[in-house]
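**Q** Predicted model, plus sequence, below.
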Amino acid sequence: MEKRLILRGIIAGAAAGLLAFLFARIFAEPLIGKAIDYESGRDAAQAALDKAAGLVPEAAGPDLFSRTIQANVGIGVGMVFFGVAMGALFAIAYAISLGRVGKLRARNLAMLVALGGFLGFYLVPFVKYPANPPSIGHPDTIKDRGNLYLVMVACSILFLVLAVWLGKRLAERFGNWNATLLAGLGYVVVMGIVMAILPALGELTANVQEFGHQATETPLPLTNAKGAIVYPGFPADVLFSFRLFSLAAQLVLWGALGLLFAPMAERVLARGTASGRTEASAPARAEPVARA
């Protein structure tokens, strides 16, 4: 049964990834284009400042893939494969949760696991390290940013699992509702401590050396030697809209994953139950009588 659930999780994940890609292609991709245009304009302004200062600007390397390929094939394939991976993990978590989180219907359990996946894998890490479009981020901090985000995801998932376990342990003493509130509060407190300990992206060494102490890596206005602004900072409305639609795309992915997986899991479990009943009710085969 577990293999059948994982297979259906992969199918649901692929479909959910495709839906999330379509959403992102319509709403988020135009904002990525604006971010890339901003980066190109800023690079041109920086090159002009360097030339005026007698510096030789660095030549930009060629793009390996065109914008058309990146916006369609690249993002589409990436989202579908991400959905497949999340679908497999989702199905494993679902199979582990069966019979261990109370008497929930198959559909209700699927939606709860999807909610947990959305919270653990994306929403909570997003609070500390929100998604950024291209042109935001120092090239020397890519590795540090990736590692910090992975730490946030690992801590979020680990403490979410522990919160579920704690809620089950407390339910016998405080009841399901109070136990859920206490476990949820504990999760919020622990993750708040983790977020306070981890550094802000603007406090990474490369950013401090070049821009000073900042809360984020969002580009500030570019100024010349006299302090006059020659190119504006990154547009706040583009940044906000990109983060909003990135969050919405993940909500589409996890919501679709739960909704698509739920009826398939229900059918698999119903077949397994029917098969078990058939085997239990079948008469035992008579053993052949040995002849003297």
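**A** Sure, I can see it.
**Q** Contacts made by stretch 153-167 with the rest, please.
**A** 101, 116, 119-121, 124-125, 179-180, 182-184, 186-187, 190-191, 194 (CB atoms under 8 Å, 6 or more residues apart in numbering). For the C-beta atoms, the positions are set from N, CA and C on the backbone; glycine is no exception.
**Q** 7 Å instead?
**A** The set of residues external to stretch 153-167 that reach it, using CB atoms under 7 Å, 6 or more residues apart in numbering, is 116, 119-121, 124-125, 179-180, 183-184, 186-187, 190-191, 194.
**Q** I'd assumed E217 was in a strand, is it?
**A** No - E217: not assigned to a strand; according to DSSP: H, G, I helix; E, B strand; the rest coil it is coil.
**Q** List the contacts of it.
**A** 136-138, 201-202, 207.
**Q** give me the number of residues near G202?
**A** The tally of other residues near G202 (other CB atoms under 10 Å) stands at 17.
**Q** A249 too?
**A** Neighbours of A249 (other CB under 10 Å): 22.
**Q** Likewise for L247?
**A** Neighbour number of L247 under other CB under 10 Å is 16.
**Q** Also the one 5 residues further on?
**A** Residues lying near V252 (other CB under 10 Å) number 19.
**Q** What residues does it make contact with?
**A** V252 makes contact with 19-20, 23 under the criterion CB under 7 Å, 6+ apart.
**Q** Ok, A14 next?
**A** 80, 83-84, 87.
**Q** Which positions within the strand or helix carrying I193 qualify as buried?
**A** Element membership for I193, per DSSP states H and E: helix 176-197. Buried residues in helix 176-197, counted by 16 or more other CB atoms under 10 Å: 179-180, 182-183, 186-187, 190-191, 194-195.
**Q** What average pLDDT does that helix get?
**A** For helix 176-197, mean pLDDT is 95.
**Q** and which of the buried residues of helix 176-197 is nearest to I32?
**A** Minimum distance to I32 across the buried residues of helix 176-197 is 26.8 Å, recorded for M195 (CB to CB).
**Q** ok now do the closest residue to the closest one other than its chain neighbours, which residues does it touch?
**A** Among residues not flanking M195 along the chain, K128 sits closest, at 4.6 Å (CB to CB, 6 or more residues apart in numbering). Shown in contact with K128 (CB under 7 Å, 6+ apart): 152, 195, 198.
**Q** Give the helix, strand or coil label for V101.
**A** The three-state assignment at V101 reads coil, by three-state DSSP.
**Q** returning to what we had before: name the nearest of the contacts of A14 relative to V73.
**A** For the contacts of A14, the nearest to V73 is V80 (10.7 Å; CB to CB).
**Q** Report the separation between L115 and L259.
**A** Separation of L115 from L259 (CB to CB, to the nearest Å) stands at 12 Å.
**Q** count of neighbours near the nearest residue to L222 once chain neighbours are set aside?
**A** Ranked by CB to CB, 6+ apart and with sequence neighbours excluded, the top spatial neighbour of L222 is Y231, at 4.0 Å. Y231 sits with 18 neighbouring residues when counted by other CB under 10 Å.
**Q** I'd assumed A45 was in contact with Y231.
**A** Yes - the criterion here is CB atoms under 7 Å, and Y231 meets it with A45 at 4.0 Å.
**Q** In a helix, V230, correct?
**A** No - assignment of V230 by three-state DSSP gives strand, placing it outside any helix.
**Q** tell me the contacts of it?
**A** 45, 49, 222-224.
**Q** same check, this time on L182
**A** Counting by CB under 7 Å, 6+ apart, L182 makes contact with 170, 174.
**Q** just to revisit the earlier point, redo the contacts of K128 as CSV? Include distance to L244.
**A** CSV is the format used below for the contacts of K128 (distance: CB to CB, whole Å):
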residue, distance to L244
M152, 20
M195, 20
L198, 23
